[in-house]
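Participant: I'd like to go over a predicted model; first the sequence, then the structure.
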Amino acid sequence: MKKLLSIVLCALLLAGLCLPGMAAGRFDDGAYASVLTGSDFQAYGTEAYERFGKLLTLMKNDGLETPDSMLVGGDYTKLLFDYAVPGISQIRDQLVSAYPDADPERVVCIQGNHDNPASGFTKTGFYDMGVYTLYVINEDDFPWLQGLRPGVELHVKKVAADIEKRLNALIAAGDTRPVLVMTHLPLHHTSRVLYSDNMYASYIFSVLNAAGRTLDIVFLFGHQHSGDYDDYIGGAVNFLAPGDTIRVPAAGLPGESAYTEETLTFTYTNCGYIGYSNNTVSDTSTNALTLGVIRFTDDEIKVIKYAENGFFRENSVARKNRVGGASGGGVTMFSARLWTLENKIFTWFFNLIAKLKALMAF
């Protein structure tokens, strides 16, 4: 009996030692850093921010460790033009609530076409994030409806030239860390190009595709919400890997067939739409609302998406360069004044509107 009891106790002890590994679940893959990605929190009131919290909890329950940082691709409301201040504060609050050790200063939020440019977004430019390098482009620097904006072609060319300079400097220095590039608009051709939405995307694409032969680059975007725009690359949950073909708009030409087919050298995916998606029905499209996470291992870059039912999809790309990393770096964010006083005012106002909307619906 004593022997049997000893065996049982040993088994329980071994099981207890295994529990942390078992709890790690899907994310127990040897990654040395994880970066959350999301965009387009376009819903009335706080609905999309509550969804973000639920998606984050699903990832945590599957073993996602404290994220290194989070990248948000713009558009913080479906209701008004000026919700970015309270919206970003809610994103940070949800993140720290789920992960008390997360650094809210490493939540990088850029401007979308529905956002007031005066809201204090991370400025367009290059940032050293420690485990990876980052180039972000705000909507004002790569805007929608480009054919309706005088001088925008020259401006996009200047942004592309700065990206090229930064990437060439990394290559010259032998810097092999992953490079994440995020902007609100995509680079691929869609029906939106018919009204010149991103008709100068080729200037940025050509720079990234040249550097992508050497660097591990991941390009992230928002804006689309699928529709018929992205069905041919996967709908609202899309992913293209190096070697895949992509349609790139022909600069200055807004036509239905005004594109060239290019072979990617870098990884291409959306951040994950949090607010809404209204895609058409096809064999390749999906209207899932997702939160993304990019994970770095020595050998791979993994792109994972979670929907409200849990794990949705995982894609991986072999690294061109093998290297680990440590946290560090930083970016310029909102002032503390914007996070406190204005956030309280905005939150109270929009919660009031949401309650009035609910009463009217009743």
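Facilitator: Sure, I can see it.
Participant: Just list what the host helix or strand of Val248 packs against, helices and strands only.
Facilitator: Assigned by DSSP states H and E, Val248 belongs to strand 245-249. Applying 3 or more CB pairs under 8 Å, 6 or more residues apart in numbering; DSSP states H and E, one finds that strand 245-249 contacts helix 201-211, strand 259-263. Backbone N, C-alpha and C define where each C-beta goes, glycine included.
Participant: For the shortest one, list the C-alpha coordinates in PDB.
Facilitator: Output for strand 259-263, consisting of C-alpha atoms alone and laid out as PDB, is shown next (Å, rounded to 0.1, in the frame of the first residue of the first chain):
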ATOM      1  CA  TYR A 259      -1.500  46.700 -61.900                       C
ATOM      2  CA  THR A 260       1.600  44.600 -62.400                       C
ATOM      3  CA  GLU A 261       2.100  41.200 -60.900                       C
ATOM      4  CA  GLU A 262       5.100  41.000 -58.700                       C
ATOM      5  CA  THR A 263       6.800  38.200 -56.700                       C
END
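Participant: which element follows it toward the C-terminus?
Facilitator: strand 267-270.
Participant: which other helices and strands contact that next one?
Facilitator: Packed next to strand 267-270, using 3+ CB pairs under 8 Å, 6+ apart, are strand 217-221, strand 239-240, strand 300-307.
Participant: Including mean neighbour count, mean pLDDT and distance to Asp231, could the ones you listed go into a markdown table?
Facilitator: A markdown table is the format used below for the helices and strands packed on strand 267-270 (neighbours: other CB atoms under 10 Å; pLDDT from 0 to 100; distance: least, CB to CB, whole Å):
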| stretch | mean neighbour count | mean pLDDT | distance to Asp231 |
| --- | --- | --- | --- |
| strand 217-221 | 26 | 98 | 16 |
| strand 239-240 | 18 | 96 | 14 |
| strand 300-307 | 22 | 96 | 17 |
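Participant: and of the ones you listed, who's closest to Thr190?
Facilitator: Among the helices and strands packed on strand 267-270, the nearest to Thr190 by CB to CB is strand 217-221 (11.2 Å).
Participant: can you give me the offset of that closest one from its chain's centre?
Facilitator: 8 Å (CA atoms, centre = their mean, to the nearest Å).
Participant: one step back: need the winner for burial among the helices and strands packed on strand 245-249.
Facilitator: helix 201-211 (a mean of 21; mean count of other CB atoms under 10 Å).
Participant: What lies in contact with it?
Facilitator: By CB atoms under 8 Å, 6 or more residues apart in numbering, the residues outside helix 201-211 that reach it are 137, 142, 156-157, 159-161, 163-164, 167-168, 170-171, 179, 181, 183, 185-188, 217, 219, 248-251, 260, 262, 264-266.
Participant: repeat that for 7 Å
Facilitator: Helix 201-211 is touched from outside by 142, 156-157, 159-160, 163-164, 167, 171, 181, 187, 217, 219, 248-251, 262, 264-266, with contacts defined as CB atoms under 7 Å, 6 or more residues apart in numbering.
Participant: And for stretch 101-112?
Facilitator: Residues contacting stretch 101-112 (CB under 7 Å, 6+ apart): 40, 66-75, 88, 91-92, 95-96, 117, 121-122, 134, 136, 138-140, 182, 184, 222-223, 330-331, 333.
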